[in-house]
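Student: Quick one, what's the 3D model for this:
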Amino acid sequence: MSESGPTLADQLRRHLASLEAVGVRFVPRAGPVPAVAVFEVTPAVPTEVTVAERKRLELELLADEVAKCERCPSLFATRTRTVFGGGPAGAEVCFVGDAPRSGDEIFPGEVGELFGRQLTAMGLARDECYITAAIKCRPPGTRPPKPDEVTQCRGHLERQLELVRPRSLCCFGPEASQSVLNTSAPLQELRGKVHDWHGLPVVCTYHPAQVLTTSRVKAAVWDDLKMLMVAIGRPVVGK
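Tutor: Take a look at the predicted model:
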């Protein structure tokens, strides 16, 4: 008969003897494994984002993208900041200037004061309007934007207008008019009529800065603004 090794019982007796030798007199019987509390995880309820909130967030992302833009080396080298513009989405009118005319304004100083009077004559409050510019960087000195700068920034403007989706557009000056309408036609050919931008009425006219220096265009600007008011169904209240 072949010799076999120690059985499990032999091993257990030896283990108990070793415990007794070191003073252990009692070994508790193993009880059931304690239950572990299981907490029910409530799934997170997704928060519904409204259309207005989504547009606001997308405009903020676009403004961040514009602030990092380096498409125009000469403007990037001289700017202190970009001027994105602002106002409510779905604004009654979006006014588009040529470029920022100060470090943080599109219509500053006397130009802004005249613009304010134009709004009053149209029966509009400033907080009903969205204001932006064809380019988002102030050109050095007082020069107007160059055609290539307007072209480089046009994608930003197009996306901005798509998100704002105003009821109408008013373009001040040739650069803004040509950028919005994607044309090289001179302002003299563009003003005096209502154009279309993706189903929205667009009126082009002289920039308030030009009105300040060339008073003879003042009546023409008012004719254009009245035409815009009629196009969006607002009463002509000014003179």
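Student: Now do the same contact list for the residue lying closest to residue 108 once chain neighbours are set aside.
Tutor: In space, and not counting its chain neighbours, residue 108 is closest to residue 102: 4.1 Å by C-beta to C-beta, 6 or more residues apart in numbering. C-betas here are computed from N, CA, C, even on glycine. Going by C-beta atoms under 8 Å, 6 or more residues apart in numbering, residue 102 touches 108-109, 138.
Student: let's go with 10 Å and repeat that
Tutor: 83, 108-109, 111-112, 138 (C-beta atoms under 10 Å, 6 or more residues apart in numbering).
Student: same check, this time on residue 54
Tutor: 89, 163.
Student: Quick check: it is in a helix.
Tutor: Yes. According to DSSP: H, G, I helix; E, B strand; the rest coil, residue 54 belongs to a helix.
Student: For this structure, which segments count as helices?
Tutor: 8-21, 51-67, 73-78, 109-122, 147-164, 174-181, 187-190, 208-213, 218-231 (DSSP state H).
Student: can I get those helices in CSV with distance to residue 197 and mean pLDDT?
Tutor: Converted to CSV, those look like this (distance: least, C-beta to C-beta, whole Å; pLDDT from 0 to 100):
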stretch, distance to residue 197, mean pLDDT
helix 8-21, 89, 69
helix 51-67, 18, 94
helix 73-78, 25, 93
helix 109-122, 19, 96
helix 147-164, 7, 97
helix 174-181, 6, 98
helix 187-190, 12, 97
helix 208-213, 21, 96
helix 218-231, 12, 96
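Student: which one of these lies closest to residue 91?
Tutor: helix 147-164 (6.5 Å; C-beta to C-beta).
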